[in-house]
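1. next come a sequence and a model predicted from it.
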Amino acid sequence: MNYRRAHIENSKIFITIVTSKRRPILIENIDLLKNSFKQTKEKIEFGIDAIVVLPDHLHMIIQPEDNKIYPEIIKRVKVNFSRNIDTTKIDNYKESESRKSKNEKDIWQRRYWEHTITADRDFHNCIDYIHYNPVKHGLVKQTKEWKYSTFEKYVKQGLYDENWCDFNENIGVKIYD
């Protein structure tokens, strides 16, 4: 099946990649995932503006040197991770005949979601979505508690307050006497 993808020069791409059957395998294999990105970056030049890794999916904003190559970036990360993961440690792991015939492991959903970012407002909304995602999924109560994202980097750069989206904090607004 051929997909139509927007390849707009110098744009950033928001990408969501999900594990097969939403298996929660990414955090327990975070070093393998980091290494998969590292090895991909050795072959293809691209920057990661923001990322969050959750147990069963990840969101990221990337900017490849050549926007036509981002599907190859995703493919390389997924293939490297799949080749090196120990499937004997994955609960109820079984490959379908379809996957076996294509010499694929049942690690990732075959497709991914992508969105080409063309405006600053959209870019900032995507970054906020990425950093708030662990709270949205109930993994932490405060954004700063999730260590598998670029949130801390953004705080250090002064782009976010440490208590961003912490609705439990007294923000100094008095509504009632």
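-> In hand now; what should we look at?
2. ok, now which ones touch residue 135?
-> By Cβ atoms under 8 Å, 6 or more residues apart in numbering, the contact set of residue 135 is 141, 142, 143, 146, 165. C-beta: built from backbone N, CA, C; applies to glycine.
3. neighbour count for those residues - can I get that in CSV?
-> Shown next, in CSV, are those (neighbours: other Cβ atoms under 10 Å):
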residue, neighbour count
141, 12
142, 16
143, 25
146, 20
165, 16
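4. let me see the backbone angles for the closest residue to residue 107 other than its chain neighbours.
-> Leaving aside its chain neighbours, residue 107 sits nearest to residue 82 (4.4 Å; criterion: Cβ to Cβ, 6 or more residues apart in numbering). As for residue 82, its main-chain torsions (degrees, to the nearest 10) stand at phi -60, psi -40.
5. surely residue 82 meets residue 108?
-> Yes: look at residue 82 against residue 108 with Cβ atoms under 8 Å: they come within range, at 6.7 Å.
6. between these two, which is the more surrounded one?
-> Higher neighbour count among residue 82 and residue 108: residue 108, with 22 against 17, using other Cβ atoms under 10 Å.
7. thought that one was touching residue 21?
-> No: Residue 108 lies out of contact with residue 21 (Cβ under 8 Å); the separation is 10.2 Å.
8. who does the helix or strand bottoming out on mean pLDDT in the chain touch, helix- and strand-wise?
-> The least trusted helix or strand in the chain, going by mean pLDDT, DSSP states H and E, turns out to be helix 97-101, with a mean of 78. Counting contacts by 3 or more Cβ pairs under 8 Å, 6 or more residues apart in numbering; DSSP states H and E, helix 97-101 is packed against no other helix or strand.
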